[in-house]
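Enquirer: requesting a structural model of the entry that follows:
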Amino acid sequence: MPEEKNTIEENKEDLNKDKSEDNKAEEEKKISPEEKILQLEDKLTRSFAELENQRRRFEKEKDEAFDYGGMVFARDALNLLDNLERSKQSINNDQNLDENSKKKIMDHIEIILNDTLTIFKKNNIVPVVSINEKLDPNKHQAMMEIEDDSKESGTIVQEIQKGFMLKDRLLRPSLVGVSKKPHKTVEKEPKK
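Expert: Prediction:
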């Protein structure tokens, strides 16, 4: 007998499912063909809009990859410029070299440095202007403050390491020294 009860209950559940499916079918039938067409047109319009947005997004990402894909290489290549600048300073400070040798070496380093800067410029990599500019935290990184009464406070007076931009993006900030007003000490008169 218990098996019969389970079968009866299962049959009742199946009938209820069939009724709910019939109700859904009746609801779908209540929608007129015109309304159905409008729904489908709306879905189609939304799909086209989504596809167009996706296409624009991919196009933008492709353009950015083309324009800025070499940022890592460019950032690493900046070390070459830094080393050339350090070489120039080292040679100028070397007391063991005679002036004629210094001049020849400096001329060769200057040629290499200028060629490298020209190649960078062709590829839209340009130095950040720093000296006598106001400190811009988006382009400069202040490394020290230098007391200078002749300059307005916050003006860049020394460039420690040159910064560079790739088109409109910062490759590396300039490391700079910023002016500050000298701290005036007020001498106190001795008490009587």
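Enquirer: going forward, measure contacts and count neighbours with C-alpha atoms only.
Expert: Noted.
Enquirer: ends of stretch 63-74, what's the gap?
Expert: Using C-alpha to C-alpha, to the nearest Å, the end-to-end distance of stretch 63-74 comes to 18 Å.
Enquirer: next one: stretch 124-142
Expert: Note: stretch 124-142 ends 25 Å apart using C-alpha to C-alpha.
Enquirer: contacts for that stretch, please.
Expert: Residues from elsewhere that reach stretch 124-142 (C-alpha atoms under 8 Å, 6 or more residues apart in numbering): 120, 154-159, 162-167, 170, 172-178.
Enquirer: can you give the domain ranges for this protein?
Expert: 2-67, 69-123, 125-183 (automatic domain parsing).
Enquirer: now do the same end-to-end measure for the last one.
Expert: End-to-end span of domain 125-183 (C-alpha to C-alpha): 39 Å.
Enquirer: follow-up on the earlier one: which of the contacts of stretch 124-142 fall in strands?
Expert: Using DSSP state E, 156-159, 164-166, 170, 172, 174-178 are the members of the contacts of stretch 124-142 that sit in strands.
Enquirer: and these, which is closest to D67?
Expert: D67 lies nearest to L166 out of those, by C-alpha to C-alpha, at 8.9 Å.
Enquirer: report the next helix or strand after the helix-or-strand element of the chain with minimal mean pLDDT in sequence order.
Expert: Within the chain, confidence by mean pLDDT, DSSP states H and E is lowest for helix 2-30 among all helices and strands, at a mean of 60. Once the chain leaves helix 2-30, the next helix or strand it forms, by DSSP states H and E, is helix 33-68.
Enquirer: all set, thanks.
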